[in-house]
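J.: Got a sequence here, can you model it:
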Amino acid sequence: MDPILIIAISALAVALVACVLCILALKKAAGKSDVSAEIDAIRRETESSRREIISSTQSAVQSMASALTMSQKEVFAGQDKHIADLKDTVHKLAEQQESAAGALRRTVTEQFDRGREENQKQLNEIRGVVDEKLQKTLESRLSASFKQVSERLEEVYRGLGEMQSLATGVGDLKKVLMNVKTRGNFGEYQLGAILAQILSPEQYEENIATIPGSQNRVEYAVKLPGKADGAPVYLPIDSKFPMDAYLNLTEAQESGEEARITAASREFVSRIKGFAKDVAEKYVSPPDTTDFAILFLPTEGLYAEVIRAGLLEELQQKYKVNIAGPTTMAALLNSLQMGFKTLAIQKRSSEVWEVLSAVRTEFEKFEKTLTATQTRLNQANRELDQLVGTRTRAINRRLRGISTLTEEESARVLLNEGDVFASFGMEDGDE
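T.: Okay, here's the model as predicted:
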């Protein structure tokens, strides 16, 4: 039996018992005869009904429990079956995934092997191309290198031939320089080149008698400012080239013989002192010249030998002659050139000051004129503002009551035939 039905029957029985009790109570109120007997009978019946109801309820509960137990067993059985189905499904999915992974692994392996084979093939092709290009490049480079080596060897052979020619030329030059006149011309030419490179032509003279009335002419003389009448003071510069004495000294030093070195050095010193004395006596005469002269030696080797012999101070003190090589001569002339520029700036400073004073005066006049012009411009601007503002408003007030005409009508009234109305402040095509 259904447990719900049993519970409903029990409730109905309880309701019947209640109704019976109510009826008994009403009878008791009407009369108390035989009430106790009826009550006992009803109580017995009620107790019997109660026992039946309890028995029915217990049996219903047991049925319900057994039904629940069966239902739980069925549920558990269904869950076990579902779990088993899930296990089978998971196992099948795992097998499918394993199969797919195996297939994917095989596919990836095949593609990787195929890619490796293709890469290897491409690398082999690239290696072949690179080897071919390297071979061609190497061959071209080797050919170019051999060609350059051949050209350089040819140049070396030509250089050897030129060196032989140069050696012959040096021998010829040595023969030329052994000639006193030729050596003098060489030194004079070198000194003139240095002077022309550093000084301007008006700053020095060539082959000039520095002492008035003298027949001795120095090779070059630099013109220095100094006299009150504006006449220049000359700085004599003469070139000397004791090539024979220098070669004897050089050969003696190479031989290492002390006596030969001493004799050659004595001869060299004597020649240099003789040149210094000759220059001082022929070309130095203050105040027409400076109180010293310059002895120019065309090679640095000659100048170095003079320095090594310690002749600089002796020649300066005894003969008032300074020794200069090519480099020293250039430095000395550069110093003189800077002095010339400084002196020119000093002479021009007064002229510059006068020009600046004149410019200041003219600028003051210009400032006054500019101020007056600005005042007049401001006045004209104010008058123009008054004309444009006040007068224009007054005229507009006077004309406010007059009707306006169109552009065509105004042109017909104001203009003659063939005239064009001017549009002030408007570009072509503007309306």
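
J.: Quick check: which element contains residue 265?
T.: helix 258-283 (DSSP states H and E).

J.: Extract the CA atoms of the helix or strand just after that helix and return them as PDB.
T.: Once the chain leaves helix 258-283, the next helix or strand it forms, by DSSP H and E, is strand 293-296. This file holds the C-alpha atoms of strand 293-296, laid out as PDB (Å, rounded to 0.1, in the frame of the first residue of the first chain):
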ATOM      1  CA  ALA A 293     121.900  90.600 -40.100                       C
ATOM      2  CA  ILE A 294     120.700  87.000 -40.900                       C
ATOM      3  CA  LEU A 295     122.900  84.300 -42.500                       C
ATOM      4  CA  PHE A 296     120.700  81.800 -44.300                       C
END
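
J.: counting contacts, what elements does strand 293-296 pack onto?
T.: Where contact means 3 or more Cβ pairs under 8 Å, 6 or more residues apart in numbering; DSSP states H and E, strand 293-296 is packed against strand 233-239, helix 258-283, strand 321-324, helix 326-386. In this view, the C-beta of every residue, glycine as well, is placed from N, C-alpha and C.

J.: Indicate which one of the ones you listed is closest to residue 88.
T.: helix 326-386 (106.2 Å; Cβ to Cβ).

J.: can you tell me the helix or strand for residue 212?
T.: Judged by DSSP H and E, residue 212 forms part of no helix or strand.

J.: For burial, what's the neighbour tally of the residue lying closest to it once chain neighbours are set aside?
T.: Nearest in space to residue 212, with sequence neighbours left out and distances taken as Cβ to Cβ, 6 or more residues apart in numbering, is residue 288 at 6.1 Å. Residue 288 has 16 neighbours, counted by other Cβ atoms under 10 Å.

J.: Need the phi and psi values for residue 288.
T.: Per-residue torsions, residue 288: phi -70, psi -30 (degrees, to the nearest 10).

J.: For it, give its distance to residue 219.
T.: 17 Å (Cβ to Cβ, to the nearest Å).

J.: orientation of the helix holding residue 265 relative to strand 233-239 in degrees?
T.: Using axes from the mean of the first three to the mean of the last three Cα atoms, to 10 degrees, one finds that helix 258-283 and strand 233-239 are set 150 degrees apart in direction.

J.: Give me the helices and strands touching helix 258-283, please.
T.: strand 218-224, strand 233-239, helix 243-255, strand 293-296, helix 300-309, helix 312-319, strand 321-324.

J.: at 6 Å instead, please
T.: Here helix 258-283 touches helix 243-255, strand 293-296, helix 312-319, strand 321-324, going by 3 or more Cβ pairs under 6 Å, 6 or more residues apart in numbering; DSSP states H and E.

J.: Thank you, goodbye.
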